[in-house]
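Enquirer: predicted model and sequence follow; I will ask about them next.
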Amino acid sequence: MAVWRITSQMRRMRRDWDQRARENARYYVVTGQDRWSDEEFYESGHVTLEEDILNDLANICQGMDPKDMRVLEIGCGAGRVTRALAGFFGQVYAVDISPRMVRQARRAVEGFPNVRVFRNNGLDLVAVREHWWNRFGLGAKVQIDFAFSCIVFQHIPSHAIIESYVREVHRLLRPGALFKFQVQGSSLVEPEPDDTWVGVPFSERDAREMAQRCGFELRHHHGAGSQYYWLWYFKKPEP
């Protein structure tokens, strides 16, 4: 895909998600209801933790103590899941493309000193690497033990942008670690190139080929053909 097209899509994503955050951030993060109290919103994040992480600890922790793990969340929105992650894992790094969403996420995790929330450009994870270098020295290798993203990639209008994120996660994960995430799996959707709500669909073949190109092994998948197509990408051991 041409660079100008990717740049245009990134700008549109930032603009649209900032507008959604202005209108009703919590609704656009999780559309179960129009208005969420703090208690309801953060409890929904704990439900995600229970349903998608706590029931999958063998794949996610691989014998590690969660309190010793560094985890990454892509597309943190208003901090719904970030807050739940912060109460379970040792260190949490979270990114979002929208400045307004980032501000809300930071408020959500006030009181959690183990969390850092960054605004990124919608394509890579430079913000996380730069934070790491400021802390440990320029060029220090980032070591993430688990990466997670839910209800995010199914809004992205470009396979190229999603694959860029996958490559960036591969760059940060330790060998053998898991990136667990969702994509749009329904072949019935007809996304427009500039639509930032209905993302591009992935078939099982698409998912396997992207994993191979990016240095991952797709060991499990669930929900093929649906809006919530879960993928388990394990980083291949270094040669």
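Expert: Sure thing, it's come through. Small disclaimer: the values here were computed from a predicted structure and weren't measured. Numbers count the residues shown, from 1 in each chain.

Enquirer: which other helices and strands contact the longest helix seen in the chain?
Expert: Using DSSP state H to define each element, the chain has its longest helix at helix 3-29. Helix 3-29 sits against helix 99-108, helix 159-172, with contacts defined as 3 or more Cβ pairs under 8 Å, 6 or more residues apart in numbering; DSSP states H and E. In short, each C-beta sits where N, CA and C put it, glycine included.

Enquirer: and the residue nearest the centre of this protein?
Expert: residue 74 (2.3 Å; Cα atoms, centre = their mean).

Enquirer: got a list of what that one touches?
Expert: Applying Cβ atoms under 8 Å, 6 or more residues apart in numbering to residue 74 gives the contacts 95, 125, 147, 148, 149, 152, 165, 169, 181.

Enquirer: the same query, at a cut-off of 6 Å, please.
Expert: By Cβ atoms under 6 Å, 6 or more residues apart in numbering, the contact set of residue 74 is 95, 149.

Enquirer: dihedrals phi and psi, it?
Expert: Phi and psi for residue 74, reported as degrees, to the nearest 10, are phi -100, psi 130.

Enquirer: tell me how far it lies from residue 155.
Expert: To residue 155, residue 74 is 12 Å away according to Cβ to Cβ, to the nearest Å.

Enquirer: ok, residue 139 next?
Expert: As for residue 139, its distance to residue 155 is 33 Å (criterion: Cβ to Cβ).

Enquirer: the more surrounded of these two?
Expert: Counted by other Cβ atoms under 10 Å, residue 139 and residue 155 do not tie: residue 155 has more neighbours, with 19 against 8.

Enquirer: for stretch 41-49, buried residues please.
Expert: By neighbour count on 16 or more other Cβ atoms under 10 Å, the buried set for stretch 41-49 is 41, 42, 44, 45, 46, 48, 49.

Enquirer: got it, and stretch 202-220?
Expert: Buried-residue list, stretch 202-220, by 16+ other Cβ under 10 Å: 202, 206, 207, 208, 210, 211, 214, 215, 216, 218.

Enquirer: ok, so of those residues, who is nearest residue 26?
Expert: The nearest member of the buried residues of stretch 202-220 to residue 26, counting by Cβ to Cβ, is residue 202 at 27.1 Å.

Enquirer: list the beta-bridge partners for residue 232.
Expert: In this structure, residue 232 bridges to residue 180, residue 220 when assessed by DSSP bridges.

Enquirer: what's in contact with stretch 110-119?
Expert: 86, 91, 92, 93, 94, 95, 99, 102, 105, 106, 109, 127.

Enquirer: wait, I meant stretch 176-189
Expert: Residues from elsewhere that reach stretch 176-189, judged by Cβ under 6 Å, 6+ apart: 59-60, 145-150, 153-154, 169, 198-199, 201-202, 223-235.

Enquirer: can you select the buried ones from these in ChimeraX?
Expert: Buried residues among the contacts of stretch 176-189 (16+ other Cβ under 10 Å), as a ChimeraX selection:
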select :60,145,146,147,148,149,150,153,154,169,198,199,201,202,227,229,230,231,232,233,234,235
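
Enquirer: in strands, which of the contacts of stretch 176-189 fall?
Expert: Mapping the contacts of stretch 176-189 onto strands (DSSP state E) picks out 145, 146, 147, 148, 149, 229, 230, 231, 232, 233, 234, 235.

Enquirer: possible to save the helices and strands packed on helix 3-29 as JSON lines with mean pLDDT and distance to residue 30?
Expert: Formatted as JSON lines, the helices and strands packed on helix 3-29 follow (pLDDT from 0 to 100; distance: least, Cβ to Cβ, whole Å):
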{"stretch": "helix 99-108", "mean pLDDT": "97", "distance to residue 30": "13"}
{"stretch": "helix 159-172", "mean pLDDT": "96", "distance to residue 30": "20"}
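
Enquirer: now the buried residues of stretch 202-220 as JSON lines including pLDDT, distance to residue 65 and secondary structure?
Expert: Shown next, in JSON lines, are the buried residues of stretch 202-220 (pLDDT from 0 to 100; distance: Cβ to Cβ, whole Å; DSSP: H, G, I helix; E, B strand; the rest coil):
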{"residue": "202", "pLDDT": "96", "distance to residue 65": "33", "secondary structure": "coil"}
{"residue": "206", "pLDDT": "97", "distance to residue 65": "35", "secondary structure": "helix"}
{"residue": "207", "pLDDT": "98", "distance to residue 65": "31", "secondary structure": "helix"}
{"residue": "208", "pLDDT": "98", "distance to residue 65": "32", "secondary structure": "helix"}
{"residue": "210", "pLDDT": "98", "distance to residue 65": "31", "secondary structure": "helix"}
{"residue": "211", "pLDDT": "98", "distance to residue 65": "28", "secondary structure": "helix"}
{"residue": "214", "pLDDT": "97", "distance to residue 65": "28", "secondary structure": "coil"}
{"residue": "215", "pLDDT": "97", "distance to residue 65": "26", "secondary structure": "coil"}
{"residue": "216", "pLDDT": "98", "distance to residue 65": "24", "secondary structure": "strand"}
{"residue": "218", "pLDDT": "98", "distance to residue 65": "27", "secondary structure": "strand"}
